[in-house]
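take a look and give me a structure for this.
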Amino acid sequence: MQLFRALLLARCFFSAAALHIDKRTPQPFTDFTDNIFFYPASDAVQWRTLYARSLQLPDNSLLMTWENYPKEPPLVNHPIYKSIDGGATWSNFSQVKDQTNGWGMRFQPFLYTLPRDFGGFAAGTILAAGVSTPFSLEGGVYIDLYASKDQAKTWNFVSHIAYGAGPETIKNGNDALWEPFLLIHDNSLICFYSDQTDPNHGQKLVHVTTSNLLTWSAPVSDVTFPAYGDRPGMTTVAHIESSNQFIMTFEYCGKGGCRVHYKVASSPLNFDSAQAIQLTSNDTSKTTPVGSPYVVWTPHPNRSDGSGLIIVSGGNQEPVFINEDAANPAGWKKVDVGMWSAYSRSMRIITVNGKKKLFFGNGGNMGDPKYNSVACGVVPIPT
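Below you'll find the model as predicted:
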């Protein structure tokens, strides 16, 4: 997130293929890529859209949200769109609106379903975390939590997860917060995020926990680097079910640019003590993805022994990077899936007609805003 925000429109990570937009709607419940379903208004500001995130409901319908930048007022919110045909078509379903700060819901939404009863909320409750800060980026910032008990139709404020005094910029020394990611583990709900409030680090990665969704712990460090100006960012985490390990991906913005790194730990609460490893492909190109990574794990589609695959996406690469459960640094295979790259392109394993598929959510790029629409894709799980 850090390098891209700093470079703004100077960096253009959209694929050349994006210049030739195919506007045909895919057939329902099929495989497809580069399906643009939301075009921002012509007078939208900043990057128009960024940072798409998805969810699949029990009836196999899909939800998508993203950073949206219409002119204000009214206050900006995180739109929720819904697809009932496997991502082929979408409709405007609801919005996560700021109900407490008077600032709007501005940056980095994240959707999560409670897998079990937790903190007085029933299993199946949908949570939405996101960054609320004023349009001016001055005056403070909250990472806020909202909940829906009716499958995303309506939303209610639950709690402030974290607070920074602002301004909400990437300038070192500004008390900013970014990029929440939710995960339930044992008796806690964890929120990972990027934190600029520590005077010893321009930015570091941290987590906080809650047992009731209402009160949150003090932040615990997950990734720090000795140099004050080094900026790890954009945590995502996946559970490697076969080994009961956890993998965290993040970008490390230092002298070498924002190269994608990862850590593996036996608990998602203990990443701080795990080694940070740069992700590099094992082919002759020795490719390291740059910026805004995302990670998922899935059972291996061609095996029945319980093993699986780790899949990582980076911001500047259309291919994904896959590895076996051990996450061997020499095991990263680069696989082209035919889906445009995007700023923080998200992934999710979904079910389509009884089969597991890899779903992509694209919310635009830090490039020419003309191409910053929201797109999705559904492909077979790469191997």
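
helix or strand with the lowest mean pLDDT in this protein?
Ranked by mean pLDDT, DSSP states H and E, the helix or strand of the chain with the weakest confidence is helix 2-7, at a mean of 41.

quick one: contacts of the helix or strand just after that one?
Later in the chain than helix 2-7, the nearest helix or strand by DSSP states H and E is strand 32-38. With contacts defined as C-beta atoms under 8 Å, 6 or more residues apart in numbering, strand 32-38 is touched by 17-18, 21-23, 25-26, 49, 66, 79, 81, 83, 87-90, 337-340, 360, 373-379. Every residue, glycine included, has its C-beta placed from N, CA and C.

of those, buried ones?
18, 26, 49, 66, 79, 81, 83, 87-88, 90, 337, 339-340, 360, 373-379 (16 or more other C-beta atoms under 10 Å).

next step: the residues you listed restricted to helices.
Nothing among the buried ones among the contacts of strand 32-38 maps onto helices, per DSSP state H.

SS state for D59?
D59 falls in the coil class when you classify it by DSSP: H, G, I helix; E, B strand; the rest coil.

distance check, it against L145.
24 Å (C-beta to C-beta, to the nearest Å).

likewise for N92?
Counting by C-beta to C-beta, the gap from N92 to L145 is 23 Å.

between those two, which one's more packed in?
L145 (24 against 10; other C-beta atoms under 10 Å).

how about G102, phi and psi?
Note on G102: backbone dihedrals following degrees, to the nearest 10 are phi 70, psi 20.

can you give me the neighbour number for it?
9.

for it, which non-adjacent residue is closest in space?
Spatial nearest neighbour of G102, chain neighbours left out: L75 (7.6 Å); criterion: C-beta to C-beta, 6 or more residues apart in numbering.

contacts only, for I126.
Counting by C-beta under 8 Å, 6+ apart, I126 has contacts L55, L63, L111, Y112, T113, L114, A147, S148, Q151, A152.

packing partners of the helix or strand containing the second one?
In this assignment (DSSP H and E), L63 forms part of strand 62-68. Judged by 3 or more C-beta pairs under 8 Å, 6 or more residues apart in numbering; DSSP states H and E, the packing partners of strand 62-68 are strand 49-56, strand 78-83, strand 107-113, strand 355-362, strand 374-380.

gap between the fourth one and the chain center?
A distance of 14 Å separates the C-alpha centroid of strand 355-362 from that of its chain, computed with C-alpha atoms, centre = their mean, to the nearest Å.

partners of that strand in the sheet?
strand 346-352 (antiparallel), strand 374-380 (antiparallel) (DSSP bridges).

just to be sure, E179 is in a strand?
Yes: with three-state DSSP as the criterion, E179 is located in a strand.

please tell me how far it sits from L214.
22 Å.

neighbour-wise, which of the two wins?
Taking other C-beta under 10 Å, E179 and L214 do not tie; E179 has more neighbours (26 against 12).

that one contacts M234, doesn't it?
Yes: E179 lies in contact with M234 (C-beta atoms under 8 Å); the separation is 5.2 Å.

leaving out the residues flanking it, which one is nearest to L205?
Distances taken as C-beta to C-beta, 6+ apart place V223 nearest to L205, at 3.9 Å, with adjacent residues excluded.

and that neighbour, how far is that from Y163?
From V223 to Y163 the distance is 21 Å (C-beta to C-beta).

and the two? which has more neighbours close in?
Neighbours around V223 and Y163, counted as other C-beta under 10 Å, are more numerous at V223. The numbers are 24 against 14.

list the contacts of the more buried one.
K204, L205, P232, T235, M248, F250, Y252, K263, F271, D272, A276.

just the pLDDT for the fourth one.
According to the predicted model, the pLDDT of T235 comes to 98.

show me what contacts the residue lying closest to it once chain neighbours are set aside?
In space, and not counting its chain neighbours, T235 is closest to F192: 4.1 Å by C-beta to C-beta, 6+ apart. F192 sits next to P180, F181, L182, L183, L205, V206, H207, D222, T235, V237, M248 when contact means C-beta under 8 Å, 6+ apart.

now the element after the one helix or strand the last one maps to, going C-ward?
For M248, the element it lies in under DSSP H and E is strand 245-254. Per DSSP H and E, strand 245-254 leads on to strand 257-265 as the next helix or strand towards the C-terminus.

list of residues touching that next one?
Contacts with strand 257-265, where a contact means C-beta under 8 Å, 6+ apart, come from 2-4, 222-223, 232-233, 240, 245-252, 271, 273-279, 288-293, 295, 312, 314, 327.

how about 7 Å then?
2-3, 245-252, 271, 274-279, 288-291, 293, 312, 314, 327 (C-beta atoms under 7 Å, 6 or more residues apart in numbering).
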